[in-house]
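Engineer: Dropping the sequence and predicted coords here.
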Amino acid sequence: MQKLHYEFYSQPKITSGACALESIPTELASNDAHKPLVITGREHMRRGLGKTLIRAFADSGCPLGGIFDEIRDYAGIGLARQAAVLFAERGCDAIIALGGGPVADVARAANLLVSHDTQDLFRFFNGTPPGKRLKPFILIPACCLNGNESGKTITVDNRRLTSEFLYPDVIILDKQMTSACNPRCAAQSALTTMDNAVTAFLDTEHSPMKDAFAHAGIGFAAASLKKAIKRPKNKKHSLAMANAGVMAGIAAANATPGLVRGLAEELEKITGISRGVFIRIFTPAALAWMTRKTGPPREDLLLAAGGMSVYANTPEQQRPQKGVEMLLALLDETRGQIPETLASLKIPGYQLEKACVHAGSRKDFPFSAQDCLEIIEQTQKGDRR
Amino acid sequence: MKSILKSANKTLNISRYPEIRPGTKLIKKGYVFVMLLIVGRAIEAAAKVDESVKKIFADFPDRFTFYLGVAPGGPYMVVGKDRDGSVRYHGWNLHGKKIDLGMKIKNIESAIKVFTFQESTALAYNYDRYIVEGSLPQALAVVRVLDIVEVHLLPKVIAGLAVKRYPKWSELSPVRKHLNRIRIYLKSFSPSLIKVIYRNL
């Protein structure tokens, strides 16, 4: 039956393909901005992505207020403040984030500061909602993505903030930027993408728009995941994976966090190990647990992951199970790049329990700490087998 | 921004992050400039030689002027219809001209894709590479003119890449095509070209 009552919010304009990077000045002009500040990471500058971005601004008449390249692998309030000071000193009127994960988080945190003309970022984390539209914010995903870049959530100093004002205004997907630095990074990005897409797809409150984004995300990932991990510098497949990441991120931003996502985010916060690793480890147990609790997943999962011919050739009763199998087979493509057992990570038991308690106490998380513990137990049992 | 500047972190050395003024791609701009000059002159010639181009321009209002160029700073090509109905290439200068229709390619890289025939004009429209200021039906009519001119100017192998659909023999006989091609080239590079260049300098 068609679902006609739903809510779906997606702010960004997505520009993908050849010359997408060169269209940034036009996008800035259409947002009434002419002097952006670029926020990026040292690693991205070392790989020459900064120079590529500067070249894309040639003949645009649009100066860059500066390139703040201090971001490494952690998003901190100090970095956001420094970027905000640079923004104000240079009289910038827009922010460009070149990179994923912490780069996008710091850029959005700096945008909150400059748009509200404040130095107190924690008032937003302590309950004061951002009250107005932020300065134009352009996101250029590059290298490793954590799945939250295209959504509405930032994590700064291990504190999460969700607001619809935090969506990027424009997302630029250009093959000059999207290639991953190594297979491990490609595998981690692919895993977060898959988790976001599956979370949105299996969300109990499903809507046609969310399904459309999640379906396309899974489809892109299913077609390119293997090749993107095998050859992370391949421009075509890395662009396809970046597209999948953005679509899945937007779909997940409109969905209730899934069991794996909530648990993986808390464990990442506590242990510092990437979320993608936990997704790889917990997803098989979580899918089995979900099937036991809420019944088999929708058969459309097979259509998204396997394509039309596989879907049509599978008997109707077997489609949900086959969909899960195809999904797990896709996750298996990361074998060799990502640890496969919880034991290999050597995380102390008290940290696992702490993560479960934190996840269970999250307001937006529909599962309890007990549910999370069950998943961990199932995973450990599976490891022993 | 006062609050942020007041709190300016003294440890941040702002001179480490200099302001960047991106350069210019002179060779690419030069190439597009020459292509626009040739196409502009060829449109003027084709309006005298080709019946379909003549008909398209006849449907435009009197003293209709349009430009095709690259955002934000050019190069441009300005073509207009005179009071007597004849089509003229007015050069590359937009100043002092009453423009009815503006067609800008968003950036020089996209323009290079169009003018090196990696993408046809129709495909470039599809990829959102153009900004149109004015009537969209008139813009599409101009795109049809560009397609016809490209068919006349370019060999079939290249023109096939540049246009949406290469005309069949029944639509444009090879004899007429080659005859028109010669006439368009002769008219385009006639001495009046020097006059146009001089007028625009």
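Structural biologist: Sure thing, it's come through.
Engineer: Please count neighbours and contacts with C-alpha atoms only from this point.
Structural biologist: Will do.
Engineer: hey, where'd the strands end up in the stretch 51-200 of chain A?
Structural biologist: A:66-71, A:94-98, A:137-140, A:153-156, A:159-162, A:170-173 (DSSP state E, counting those that start in this stretch).
Engineer: Can you mark which positions in the fifth one are buried?
Structural biologist: Meaning strand A:159-162. A:Leu161, A:Thr162 (16 or more other Cα atoms under 10 Å in any protein chain shown).
Engineer: repeat for the longest one
Structural biologist: Of the residues in strand A:66-71, those scored as buried under the neighbour-count criterion (16+ other Cα under 10 Å) are A:Gly66, A:Ile67, A:Phe68, A:Asp69, A:Ile71.
Engineer: Pairing partners for it, with directions?
Structural biologist: Here strand A:66-71 is paired, per DSSP bridges, with strand A:36-41 (parallel).
Engineer: re earlier: can you list the strands of the stretch 51-200 of chain A in TSV and add mean pLDDT?
Structural biologist: Shown next, in TSV, are the strands of the stretch 51-200 of chain A (pLDDT from 0 to 100):
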stretch	mean pLDDT
strand A:66-71	89
strand A:94-98	93
strand A:137-140	94
strand A:153-156	88
strand A:159-162	86
strand A:170-173	93
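Engineer: Throw the ones you listed into JSON lines and include distance to B:Val142, thanks.
Structural biologist: Shown next, in JSON lines, are the strands of the stretch 51-200 of chain A (distance: least, Cα to Cα, whole Å):
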{"stretch": "strand A:66-71", "distance to B:Val142": "41"}
{"stretch": "strand A:94-98", "distance to B:Val142": "36"}
{"stretch": "strand A:137-140", "distance to B:Val142": "33"}
{"stretch": "strand A:153-156", "distance to B:Val142": "46"}
{"stretch": "strand A:159-162", "distance to B:Val142": "48"}
{"stretch": "strand A:170-173", "distance to B:Val142": "30"}
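Engineer: So for A:Val114, which of the ones you listed sits nearest?
Structural biologist: Ranking the strands of the stretch 51-200 of chain A by proximity to A:Val114 (Cα to Cα) places strand A:94-98 first, at 9.9 Å.
Engineer: Can you name every helix or strand that that closest one contacts?
Structural biologist: Packing partners of strand A:94-98 (3 or more Cα pairs under 8 Å, 6 or more residues apart in numbering or on different chains; DSSP states H and E): strand A:36-41, helix A:102-116, strand A:137-140.
Engineer: Dump those into CSV; add mean neighbour count as well.
Structural biologist: As requested, these are exported to CSV (neighbours: other Cα atoms under 10 Å in any protein chain shown):
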stretch, mean neighbour count
strand A:36-41, 26
helix A:102-116, 27
strand A:137-140, 27
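Engineer: got the contact list for A:Leu352?
Structural biologist: By Cα atoms under 8 Å, 6 or more residues apart in numbering or on different chains, A:Leu352 lies in contact with A:Leu267.
Engineer: 10 Å instead, please
Structural biologist: A:Leu263, A:Glu266, A:Leu267, A:Ile270, A:Thr271, A:His358, A:Cys372, A:Leu373, A:Ile376 (Cα atoms under 10 Å, 6 or more residues apart in numbering or on different chains).
Engineer: measure the fifth one to chain B for me?
Structural biologist: Going from A:Thr271 to chain B by Cα to the nearest Cα, to the nearest Å gives 30 Å.
Engineer: and if you look at the last one?
Structural biologist: As for A:Ile376, its distance to chain B is 44 Å (criterion: Cα to the nearest Cα).
Engineer: so what's that residue up against?
Structural biologist: Here A:Ile376 is in contact with A:Leu263, A:Ile281, A:Phe282, A:Ala285, A:Ala286, A:Leu342, A:Leu352, A:Glu353, A:Cys356, A:Gln370, A:Gly382 (Cα under 10 Å, 6+ apart).
Engineer: Of those, keep whichever come out buried.
Structural biologist: Members of those classed as buried by 16+ other Cα under 10 Å are A:Leu263, A:Ile281, A:Phe282, A:Ala285, A:Ala286, A:Leu342, A:Leu352, A:Glu353, A:Cys356.
Engineer: quick one: which of those residues is nearest to B:Gln118?
Structural biologist: A:Ile281 (45.4 Å).
Engineer: ok, and that closest one, which helix or strand is that part of?
Structural biologist: helix A:275-294 (DSSP states H and E).
Engineer: May I see the buried residues of that helix?
Structural biologist: A:275-287, A:289.
Engineer: quick check, nearest of those residues to chain B?
Structural biologist: Chain B lies nearest to A:Arg275 out of the buried residues of helix A:275-294, by Cα to the nearest Cα, at 31.7 Å.
Engineer: hmm, what's the outermost residue in chain A?
Structural biologist: The centre of chain A is farthest from one residue, A:Pro315, which by Cα atoms, centre = their mean lies 33.9 Å away.
Engineer: Who are the contact partners of that residue?
Structural biologist: A:Lys322.
Engineer: quick one, phi/psi of the most centrally placed residue in chain B?
Structural biologist: Chain B has B:Leu68 as the residue nearest its centroid, 3.6 Å off, counting by Cα atoms, centre = their mean. For B:Leu68, the backbone dihedrals are phi -130, psi 130 (criterion: degrees, to the nearest 10).
Engineer: what about the closest residue in space to it that isn't next to it in sequence, is that helix, strand or coil?
Structural biologist: Excluding its sequence neighbours, the residue lying closest to B:Leu68 (Cα to Cα, 6 or more residues apart in numbering or on different chains) is B:Met103, at 4.7 Å. What DSSP: H, G, I helix; E, B strand; the rest coil gives for B:Met103 is strand.
Engineer: Run through the residues that contact B:Met103.
Structural biologist: B:Met103 makes contact with B:66-71, B:76-77, B:130-134, B:136, B:139, B:142-143, according to Cα under 10 Å, 6+ apart.
Engineer: same question, A:His215
Structural biologist: A:197-198, A:200-201, A:209, A:221, A:244, A:247-248, A:251, A:300-301, A:303-305.
Engineer: Now with 6 Å, please.
Structural biologist: A:Ala304 (Cα atoms under 6 Å, 6 or more residues apart in numbering or on different chains).
Engineer: Using PDB, write out every CA atom in the helix holding A:Ile281.
Structural biologist: Extracted in PDB, the C-alpha atoms of helix A:275-294 (Å, rounded to 0.1, in the frame of the first residue of the first chain):
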ATOM      1  CA  ARG A 275      32.600   3.100  13.300                       C
ATOM      2  CA  GLY A 276      33.100   1.000  10.100                       C
ATOM      3  CA  VAL A 277      35.000  -1.700  12.000                       C
ATOM      4  CA  PHE A 278      32.100  -2.200  14.400                       C
ATOM      5  CA  ILE A 279      29.600  -2.200  11.600                       C
ATOM      6  CA  ARG A 280      31.500  -5.100   9.900                       C
ATOM      7  CA  ILE A 281      31.500  -7.000  13.200                       C
ATOM      8  CA  PHE A 282      28.000  -6.400  14.500                       C
ATOM      9  CA  THR A 283      25.900  -6.400  11.300                       C
ATOM     10  CA  PRO A 284      25.500 -10.200  10.900                       C
ATOM     11  CA  ALA A 285      24.400 -10.700  14.500                       C
ATOM     12  CA  ALA A 286      22.200  -7.600  14.400                       C
ATOM     13  CA  LEU A 287      20.400  -8.700  11.200                       C
ATOM     14  CA  ALA A 288      19.800 -12.200  12.800                       C
ATOM     15  CA  TRP A 289      18.500 -10.500  15.900                       C
ATOM     16  CA  MET A 290      16.200  -8.100  14.000                       C
ATOM     17  CA  THR A 291      14.800 -11.100  12.000                       C
ATOM     18  CA  ARG A 292      14.000 -12.900  15.300                       C
ATOM     19  CA  LYS A 293      12.400  -9.900  16.900                       C
ATOM     20  CA  THR A 294      10.500  -8.200  14.100                       C
END
